[in-house]
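Engineer: My questions are about this predicted structure, shown below with the sequence.
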Amino acid sequence: MDAYTLAVILILVGVALDLAEILIPGFFLAVPGTAAIIYGVLLAVFPGVVEEPWGPWVLAGLAAPLTLATVAVYKRLSPPQKPVTASYEGLVGLTGVVVETVTGDEPRGRVRVAGDEWPAVSASGEEIPPGTRVRVVGVEGVHLIVEPLHDMEDKQ
């Protein structure tokens with residue numbers, strides 16, 4: 001296989017990997033895809049490298065710097081990550097909004113707190129309708145215990 005054919009194959013594989021990353025984010029295909037495109041372009045510009053006895057060593061030596069540079073570029077381009085909540089207990093005291101009606105008997109209701117939706121029950125046992133602002137007052141198992149903010153303000 002000549003260098004130009006290999007260059008075209010690498011570029012096409014790289015484009016396919018980058019497109020797959022766009023369609024299905026999170027599989028980390030962008031870095032090897034971009035590296036394949038760069039290798040393909042280098043082979044198209046310098047086709048004689050493949051035929052030299054030291055050529056594979058040069059290409060192998062470029063792998064780590066290309067990968068590190070690609071990762072650095074993608075880190076700068078990616079949006080900042082939301083902080084990960086270590087546990088449900090970290091949500092106590094935060095405020096949120098009811099997304100699905102919260103009742104006091106079963107955690108079928110859902111609240112949005114810290115950018116995520118969580119199962120919740122009402123601390124007072126009363127029904128809390130969607131759109132109501134609530135404060136997390138506790139955690140029981142894997143669901144939050146919440147109270148409407150207007151109840152909390154009345155008690156203070």
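Structural biologist: Now that the structure is in, tell me what you want to look at.

Engineer: what is the rounded mean pLDDT of the longest helix seen in the chain?
Structural biologist: For the chain, the helix with the greatest residue count under DSSP state H is helix 55-77. The pLDDT scores in helix 55-77 average 85.

Engineer: Given whatever helix or strand comes next after that helix, what are its sheet partners and their directions?
Structural biologist: With elements assigned by DSSP states H and E, the helix or strand that comes after helix 55-77 is strand 95-100. Here strand 95-100 is paired, per DSSP bridges, with strand 109-113 (antiparallel), strand 133-140 (antiparallel).

Engineer: List the buried residues in the last one.
Structural biologist: By that I understand strand 133-140. For strand 133-140, a neighbour-count test (16 or more other CB atoms under 10 Å) marks V134, R135, V136, V139 as buried. From N, CA and C alone the C-beta is placed, and that goes for glycine too.

Engineer: swap in the shortest one?
Structural biologist: Counting neighbours by 16+ other CB under 10 Å, one finds that the buried residues in strand 109-113 are G109, R110, V111, V113.

Engineer: For the last one, give the beta-bridge partners.
Structural biologist: Read it as V113. G96, D116.

Engineer: That one touches H143, doesn't it?
Structural biologist: No - V113 is beyond contact range of H143, at 11.5 Å (criterion: CB atoms under 8 Å).

Engineer: Need the max-distance pair from the buried residues of strand 109-113.
Structural biologist: The most widely separated members of the buried residues of strand 109-113, counting by CB to CB, are G109 and V113 (12.3 Å).
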